[in-house]
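Student: fold the following, please.
(2 chains)
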Amino acid sequence: MTNPSDTNFDLIVIGAGPGGYVAAIRAAQLGMKVCVVEKAHLGGICLNWGCIPTKALLRSAEVYRLMQHADSFGLASPNPGFVLEKIVARSRTVAAQLQAGVKHLLKKNKVTVVEGHAKLAGKGKVAVENGPTLTAPHIIIATGARARVVPGLEPDGDLVWTYKEAMIPKSFPKSLVVVGSGAIGIEFASFYQALGCQVTVVEMMDRVLPVEDEEISALARKQFEGQGMKILTSASVTGLKKGKDEVTVTLGEGEIKAQRVLVAVGVSPNIENIGLEECGVKLEKGRIATDAMMRTNVPGIYAIGDVTAPPWLAHKASHEGVICVEAIKGLNPHPLHPRSIPGCTYAHPQVASVGLTEKMAIEAGHEVKVGRFPAMGNGKAIALGETEGLVKTIFDAKSGELLGAHMIGPEVTEMIQGYCIARTLETTESELMQTVFPHPTVSEMMHEAVLDAWGRAIHF
Amino acid sequence: MTSVLRIFASPLARRLAAEKGLDLASLAGSGPHGRIVKADVETAKAKPLPVAAILGQTEVIPNTTLRKTIAKRLTESKQTIPHFYLSVDLDIDELLELRTKLNQRAEGFKLSVNDFIIKASAKALRQIPAANASWTDEATIRYSDVDISVAVAAPGGLVTPVIRRADAKTVAQISNEVKALAEKARAGKLMPEDYQGGGFTISNLGMYGIKSFSAIINPPQACILAVGAGEKRPVVKGDQIGIATLCTVTLSVDHRAVDGVVGAEFLKAFRALIEDPLGLLL
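Tutor: Residues are numbered from 1 along each chain as shown, chains lettered A, B, ... in the order given. I've put the predicted structure just below:
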């Protein structure tokens, strides 16, 4: 819909990504009359060009990898191959299905959807380009973020990619340089490497997945390198020289030639041209400053998700959307604890974590107890043929608080929620030890890693 | 009676509050449905404990785990158990005579008055099983075995090793067992199986010349017998004033589990066994 008959709402949400559409639905549940303005796709980057379609691609890579190892499972899969167009098409179908799902959910909740570019237009007003001017006492900015562009590494959509081009390649590159080893960079590196591309990852920091625990970073690197990936850390790209179907990447003194370059050096918030300056909305470190209830300095204007402080993750945006709306309704919601937001990387191996790393915990002055349990000691992992992995727990030695948990290996992205629940409920080691974990599951590693922090692991 | 209200608090909040000496009931919870969470404990100021002003030179003896356990259990006992007390004087002249005779034939034992008291208590409990009991919120528990806890002063504090099935043991067996357990207790070598359980406690301060005292019940038991010193006292025998060796015992009773009449019946049976001590040798 571009022109709603009624332009007065209780709440206007700008942006229909995982922050915006969730906020809109929650507000509708609470009886508010809600309008969402979206300029591109319902579901935002996450659902259309991020989290979801990449998981579809990585699933293809996983099946391909298993096919290559079919023999070790007693199965025959001679000369496995792939059709790139079909892999990409499946990924797009998955995204389209979910986009339709969001559309249905918004409709079901009687949320008005307006297509177009929205801009704050004074107190309680939102102007949609080539569209209506909407009014509401509460306006949530949920415009998200886009790939960060750094000088010298400007993507051209052909040889130099962002995640978007990497998601819909027209041809499969023989070689790829991935700049940046955060979750986005590593997931694409893993996907392309699995399908036979020679991938080189260039990271400025001294390790890959630099937000993860150092031990996990080291294990991840070892496995990626074991798969044939080249990893250059403490390295910066100083220039790109484009040729015909080839890019020469300069790294200080050295050079790498690759067919494509993927720049994955973070995201920039979409805060331009939406009327922030005109309304006097305050920024902090280039992001919209908010309080714990997602209120900006301007009454009636709120911000959630990637336009606000890190981490820039879909689930953080959704959660903030709910908190924001509930606070508007005076429900006194619980603020989001930044250290209880999990992070997942769906490479092979998977990586997942929540809370403090061991180093951060020690730097914060905690006396820590650290537990570790390797996948090699887990029956289910051995049965799966996935014995490379580690679960690591970090506890405050005195209070027994679970300060952080870090995992690498099979299914860890599905399992990290267990530790998230533990943190939210403020369990100590004692309740985790008392919890019965089903046998045989990979999750038993989580139990053992808790026991190990007190020197009580059974199977290692 | 205390009303038991469940306090909703996270495990971490509970642990932190215990460390800070904060009473959870005094905190307002900010978590879901008013649950007390870590932040509530952290923001709460620890209330100063009501300690009397300590002046002058002092020595600080840090609390051991045993000291803390004793403090906690006895405070709980005295505060939550409705105690009542029954006292009786025992004429122990015959018992002393019998004891002397038996000890003269000493063959690997030296019996004390307390050994006879343990045996007599055990036999009396067998006769009045309602006194061999524990109170719980759901039911009164009656023990089938007669297991007697004996209070022993150990270096770090009071401990109560158990003479199991004392009713079925001879006085000599009881005597040797008490000696062995007391030695273990003084050496700090009691094992949990040595002191766990027990349905009735005997505490004897007679050797210090204490005439009589009232003991605090040793939970979850319902009765404790406090034994004073045996001493010669003037007594009325018939219409004459005579001299007898008397010993005053006081039974502290948990009224929730054991009524006054049951306590009195127990002491009556106990006194009969002590004053006609040959029966204890059967």
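Student: how about the closest residue to chain B within the stretch 201-350 of chain A, secondary structure?
Tutor: Nearest to chain B in the stretch 201-350 of chain A, going by Cβ to the nearest Cβ, is residue A:334, at a distance of 7.0 Å. From N, CA and C alone the C-beta is placed, and that goes for glycine too. At residue A:334 the chain is in coil, as set by DSSP: H, G, I helix; E, B strand; the rest coil.
Student: number of nearby residues for it?
Tutor: Using other Cβ atoms under 10 Å in any protein chain shown, residue A:334 has 14 neighbouring residues.
Student: from what I see, it and residue B:31 are in contact.
Tutor: Yes: with contact defined as Cβ atoms under 8 Å, residue A:334 counts as touching residue B:31 (7.2 Å).
Student: got the domain boundaries for the chain?
Tutor: Here I'm looking at chain A. What automatic domain parsing lists as the domains of chain A is A:11-146+A:268-328, A:160-265, A:349-453.
Student: um, chain B though
Tutor: B:11-53, B:68-281.
Student: show the end-to-end separation of the last one, please.
Tutor: Start and end residues of domain B:68-281 are separated by 40 Å (Cα to Cα, to the nearest Å).
Student: then stretch A:375-386?
Tutor: Counting by Cα to Cα, you get 7 Å between the two ends of stretch A:375-386.
Student: tell me which residues are up against that stretch.
Tutor: A:69, A:72-73, A:349, A:387-390, A:409-410, A:439-442, A:444-445, A:448, A:457, A:459-460 (Cβ atoms under 8 Å, 6 or more residues apart in numbering or on different chains).
Student: counting contacts, what elements does the lengthiest helix in chain A pack onto?
Tutor: The longest helix of chain A (DSSP state H) is helix A:84-108. Helix A:84-108 sits against helix A:20-29, helix A:44-49, helix A:51-68, with contacts defined as 3 or more Cβ pairs under 8 Å, 6 or more residues apart in numbering or on different chains; DSSP states H and E.
Student: can we see that at 10 Å?
Tutor: For helix A:84-108, the contact count by 3 or more Cβ pairs under 10 Å, 6 or more residues apart in numbering or on different chains; DSSP states H and E identifies helix A:20-29, strand A:34-38, helix A:44-49, helix A:51-68, strand A:112-115, helix A:163-167 as packing neighbours.
Student: could I get the ones you listed in CSV, plus columns for mean pLDDT, distance to residue A:364 and mean neighbour count?
Tutor: Supplementary listing: those in CSV, determined by pLDDT from 0 to 100; distance: least, Cβ to Cβ, whole Å; neighbours: other Cβ atoms under 10 Å in any protein chain shown:
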stretch, mean pLDDT, distance to residue A:364, mean neighbour count
helix A:20-29, 98, 31, 26
strand A:34-38, 98, 39, 28
helix A:44-49, 93, 31, 25
helix A:51-68, 97, 30, 19
strand A:112-115, 97, 44, 21
helix A:163-167, 96, 33, 21
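Student: returning to what we had before: reformat the domains of chain A as a markdown table; add distance to residue B:213.
Tutor: A markdown table is the format used below for the domains of chain A (distance: least, Cβ to Cβ, whole Å):
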| stretch | distance to residue B:213 |
| --- | --- |
| domain A:11-146+A:268-328 | 61 |
| domain A:160-265 | 62 |
| domain A:349-453 | 41 |
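Student: how about the residues of chain A by chain B?
Tutor: Selection of chain A residues close to chain B by Cβ under 10 Å from any Cβ of the partner chain yields A:332-335, A:337, A:396, A:398-402, A:422-432.
Student: do a quick rundown of the strands in chain B.
Tutor: Along chain B, counting by DSSP state E, strands occupy B:83-91, B:133-135, B:140-142, B:148-150, B:152-154, B:157-159, B:162-163, B:200-204, B:223-237, B:240-254.
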